[in-house]
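Student: how would this look folded up:
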Amino acid sequence: NDSLPSSLVDMLREARETTEEVVKELRDFTKALRPPILDDLGLLVSVRRLLSDSAQRTASKGQMKVVGKDRRLPPDTELGMFRIAQEALRNVERHAKATQLAVTMTFAEHKVSLDVQDDGMGFTVPLIPVDFTASGHLGLISMQERAKLLNGKVEVQSSPGKGTRVTVSVPI
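Tutor: As a prediction, the model looks like this:
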């Protein structure tokens, strides 16, 4: 508008650009909270994508195995299992220095299981799960809390130099 001072027009343009940027960041944030791929294609495809991305970032060889018939699960279960898989794969990326990574999803009649196994450095598993916090394994605590919210459980097997295996089972 010609009747507005140019400084005001510039301020309005800058405010609009800032608003558009905030809206884009909010959209990205909400997609991260519940990834569209999970709603659109389900848990198996979403975990397969996580594995593929993780293997590319670490230059490790990723393998996916499915036991039972893939099916859609309750939304909370899918989201919880997706986040657990995401955290397990992040842990491999950050700590394991693995060359081989295997993910197995098992769809049984009344439960779903996720098994993430690597051939990396491994670590000494604390005798009491609460000690994961003291030993700096916050990702494992997060996985346990998510599984517990779904009435499930997490088992961790590892030893130095022998890799790590994280198994999550959740009733359906």
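Student: quick one: what helix or strand has Glu14 in it?
Tutor: When secondary structure is defined by DSSP states H and E, Glu14 falls within helix 6-33.
Student: neighbours around Ala102, how many?
Tutor: The burial metric for Ala102, expressed as a neighbour count using other CB atoms under 10 Å, is 18. To be clear about C-beta, it is placed using only N, CA and C from the backbone, and glycine gets the same treatment.
Student: you'd agree it is up against Gln117?
Tutor: Yes. Judged on CB atoms under 8 Å, Ala102 makes contact with Gln117 at a distance of 4.8 Å.
Student: mind listing the shared neighbours of these two?
Tutor: Overlap between the contact sets of Ala102 and Gln117, as judged by CB atoms under 8 Å, 6 or more residues apart in numbering, is nil.
Student: and the helices in the chain?
Tutor: Counting by DSSP state H, the chain has helices at residues 6-33, 36-41, 43-58, 75-91, 131-134, 138-149.
Student: where among these is the average confidence lowest?
Tutor: The stretch with the lowest average pLDDT out of the helices of the chain is helix 131-134, scoring a mean of 55.
Student: still on that earlier bit, just the helices of the chain: most buried one?
Tutor: Across these, averaging neighbours per residue (mean count of other CB atoms under 10 Å) puts helix 75-91 on top, at a mean of 20.
Student: returning to what we had before: could the helices of the chain go into JSON lines alongside distance to Phe107?
Tutor: Listed next are these as JSON lines, based on distance: least, CB to CB, whole Å:
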{"stretch": "helix 6-33", "distance to Phe107": "25"}
{"stretch": "helix 36-41", "distance to Phe107": "15"}
{"stretch": "helix 43-58", "distance to Phe107": "8"}
{"stretch": "helix 75-91", "distance to Phe107": "11"}
{"stretch": "helix 131-134", "distance to Phe107": "28"}
{"stretch": "helix 138-149", "distance to Phe107": "17"}
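Student: fine, thanks again, bye for now.
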